[in-house]
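> one predicted model, sequence on top.
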Amino acid sequence: MANIISDETIEYVGILSKLELSGEQKEQAKKDMGLMLDYIDQLSELDTTGVEPMSHIFPIHNVFRQDTVTNGDDQENILRNAPEERDGSFIVPKTVD
Amino acid sequence: MELLELTAVQLSEKIKRGETTAVLATKAVLAQIEKTESVYHCYVTVDQEGALKKAEEVQQRIQAGELTGPLAGVPVAVKDNLCTRDLLTTCSSRILENFIPTFSAEAVENLEKAGAVIIGKTNMDEFAMGSTTETSAYGVTRNPRNTEHVPGGSSGGSAAAVAGQECFMALGSDTGGSIRQPASFCGVVGMKPTYGTISRYGLIAYGSSLDQIGPLTKDVRDCATLLEVMASYDPKDSTSVDRRGDIAKKSGYDFTSALVDDVKGMKIGIPRDYFGEGLDGKVREAVLQAADVLREKGAILEEFDLSLVDYAIPAYYTIAAAEASSNLERFDGIKYGYRTAEYDGLHNMYKKTRSEGFGPEVKRRIMLGSFVLSSGYYDAYYLKALRVKALIKKAFDEAFAKYDVILGPAAPTTAPRLGQSLADPIKMYLGDIYTVSVNLAGLPGICLPCGTDSEGLPIGLQLIGDCFSEKKLIQTAYAYERESPYGTKYHI
């Protein structure tokens, strides 16, 4: 394996991904990611000098509309999906003291 | 002929002629589900009550002459990553185990307006990440052609439901082959249209620049008809393309007009790179026999080198994982879905919720995606993949300057046995070799049955077209199907 993923890297990836990994899961993730990056490294064989990165195949433009409400008030149904709600609001863990 | 053996279009004609009803068709499908679902497990949710109620309403509107379209009264299955109002939508993930959308996907809306009856939501690989429907949090789906084998994926439940007569037609989504590969494995017709043709509004995103909704059906006529009903320009999806406009070469939405049995002079390219190492002998033979059928009917066939085929998979997985890591940020346990039971503060809640809510394959791709987008690696991996994507698109542009259609297999093998694929992810990813480049280049691709292997497992023929040339694909597929023993008759 050419790509060795360090403990620091997998720790950082865990923070970016908002995932909590056990020790065993971390080791597996290091191995999986290393193998996958080895595989992706094939792309470096291709000379892409002067090639523009292509994110979309067609020209994509923002679609604008008047800021008018077209859907009805669906607050009750929307909140029904919330893990916790009260008085028409989502309940979230305390974030500021 | 038994009701369940009809194609969707045939069924709707019979309903409109008064020879049967939408209610009888729905009941027949529900009875079939009752009989075979314990083995196949095509569905995450079967909406028996809602379907029967809808069928009655649709039947009345057909009798009143209000619903006259080609799919009025037809029971349809919907992949569980498409939002359906008031109906559980899980993406086959624990993290959406209790999500009831307050709106329906635009494609679903279009289908309901046309009078189709939603039977339920089909099983899939979790968040459409997988090629076997084995990464679902709700159990595996079995291939109705041989229940020891997988149905393919990620739209495996939809393909299996069509093959197993647990619906008359189904919706899938295709990010890297997730409609065409299960169609190949289950012996049904599946199509991924040109990017932007069917609105992605209400499709739970995986790789937004690659995702397209498409039909899974019993034959090419149903495929063209379902595509015609679903496709529309939708301002709610900023990547929706108006096919009446110049970007789409005014190609339009009249897909069924291409159901013409004529391929005389159609220029078909066969990429040598699609017939190299790794392709099963029986698959090669069946696909080349299909090419012969088209040649006999007057098509002009020629071999050529497409190039870059081996680079499509690493480019695809880099881009798809990057987009997935961003798209799946929204699952945070606040507004909908699963939330962990015990936590210490906001960030711990996010982490625990996501770690418990996502399965291993989804986590693997989120982590890879986060890595390739992180500072220091963004240029080397993500931008590099986008540059390779540009090269792949250019290779297809050159091919379509010479050919109307590209012909090849949809998958290197027939359906693998259950339980054999997940242990080695990279090997599983290699199975996508003939499908992913189509998504990278935004092209349309159709897969239809063209043979079976020694175990009776279906083999799929893939036809690829230039952007907005669905009609050429439909015409070629239709002409082949007319001559093929694996056409509509295969299902009867």
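Yep, that arrived.
> surely residue B:4 is in contact with residue B:29?
Yes: in this structure residue B:4 lies within contact range of residue B:29 using C-beta atoms under 8 Å: 7.2 Å. The C-beta positions use only the backbone N, C-alpha and C, and glycine is treated the same way.
> the more surrounded of these two?
The neighbour comparison of residue B:4 against residue B:29 (other C-beta atoms under 10 Å in any protein chain shown) goes to residue B:29, with 27 against 19.
> count of neighbours near the nearest residue to that one once chain neighbours are set aside?
Of all residues not flanking residue B:29 in the chain, residue B:75 sits nearest, at 4.6 Å (C-beta to C-beta, 6 or more residues apart in numbering or on different chains). When counting by other C-beta under 10 Å, one arrives at 28 neighbours for residue B:75.
> pLDDT below threshold where in chain A?
In the predicted model, chain A carries pLDDT under 70 at residues A:1.
> spatially central residue for it, please.
For chain A, residue A:17 is the residue whose C-alpha lies nearest the centre (C-alpha atoms, centre = their mean; 6.3 Å).
> got the phi/psi numbers for the residue nearest to residue B:29?
phi -70, psi 130 (degrees, to the nearest 10).
> picking that back up, need the residues touching each of residue B:4 and residue B:29.
Both residue B:4 and residue B:29 are contacted by residue B:165, under the criterion C-beta atoms under 8 Å, 6 or more residues apart in numbering or on different chains.
> what number of residues lie near residue B:454?
Quick note: residue B:454 (other C-beta under 10 Å) scores 7 neighbours.
> confirm that it sits in a strand.
No: read with DSSP: H, G, I helix; E, B strand; the rest coil, residue B:454 is coil and lies in no strand.
> what's the spacing between the residue nearest to it when sequence neighbours are not counted and chain A?
Closest residue to residue B:454 apart from its sequence neighbours, by C-beta to C-beta, 6+ apart: residue B:282 at 6.9 Å. Separation of residue B:282 from chain A (C-beta to the nearest C-beta, to the nearest Å) stands at 28 Å.
> so residue B:282, which state does it fall into?
Going by three-state DSSP, the state assigned to residue B:282 is helix.
> can you report how many residues lie near it?
When neighbours are defined as other C-beta under 10 Å, residue B:282 has 17 of them.
> my guess is the residue nearest to residue B:29 contacts residue B:117. True?
Yes: between residue B:75 and residue B:117 there is a contact under C-beta under 8 Å: 4.9 Å.
> need the residues touching each of those two.
Common contact partners of residue B:75 and residue B:117 (C-beta under 8 Å, 6+ apart): B:22, B:25, B:26, B:51, B:55.
> buried residues in the helix or strand bottoming out on mean pLDDT in chain B?
Taking mean pLDDT, DSSP states H and E as the measure, helix B:425-430 is the helix or strand of chain B with the lowest mean score, a mean of 88. For helix B:425-430, burial by neighbour count (16 or more other C-beta atoms under 10 Å in any protein chain shown) applies to B:425, B:428, B:429.
> centre of the chain to that helix, how far?
In terms of C-alpha atoms, centre = their mean, to the nearest Å, the centre of helix B:425-430 is found 19 Å from the chain centre.
> how about the backbone phi and psi for residue B:253?
phi -120, psi 10.
> how close does it get to residue B:266?
According to C-beta to C-beta, to the nearest Å, residue B:253 stands 22 Å off from residue B:266.
> so what's residue 18 up against?
As the question left the chain open, I've gone with chain A. Taking C-beta under 8 Å, 6+ apart, we find residue A:18 in contact with B:329, B:332, B:347, B:350, B:351, B:354.
> next, the first one: secondary structure please.
So the one you mean is residue B:329. Relying on three-state DSSP, one would call residue B:329 helix.
> over to the second one?
Following three-state DSSP, the label given to residue B:332 is coil.
> can I assume residue B:151 is in contact with residue B:142?
Yes: at 6.8 Å, residue B:151 counts as touching residue B:142 under the criterion of C-beta under 8 Å.
> higher neighbour count, these two?
residue B:151 (35 against 22).
> now do the contacts for that one.
Shown in contact with residue B:151 (C-beta under 8 Å, 6+ apart): B:132-133, B:141-144, B:157, B:159-160, B:163, B:182, B:185-186, B:415.
> rerun that using 7 Å as the cut-off
B:133, B:141, B:142, B:143, B:159, B:160, B:182, B:185, B:186, B:415 (C-beta atoms under 7 Å, 6 or more residues apart in numbering or on different chains).
> likewise for residue B:326?
No contacts exist for residue B:326 under C-beta under 7 Å, 6+ apart.
> kindly report the same for residue B:455.
residue B:146.
> so how far is chain A from it?
Distance of residue B:455 to chain A, computed by C-beta to the nearest C-beta: 30 Å.
> between the buried residues of helix B:425-430, which is nearest chain A?
Proximity of the buried residues of helix B:425-430 to chain A was ranked by C-beta to the nearest C-beta; the top entry is residue B:425 with 6.8 Å.
> any weak-confidence spans in chain B?
Residue ranges of chain B with pLDDT under 70: B:1, B:487-492.
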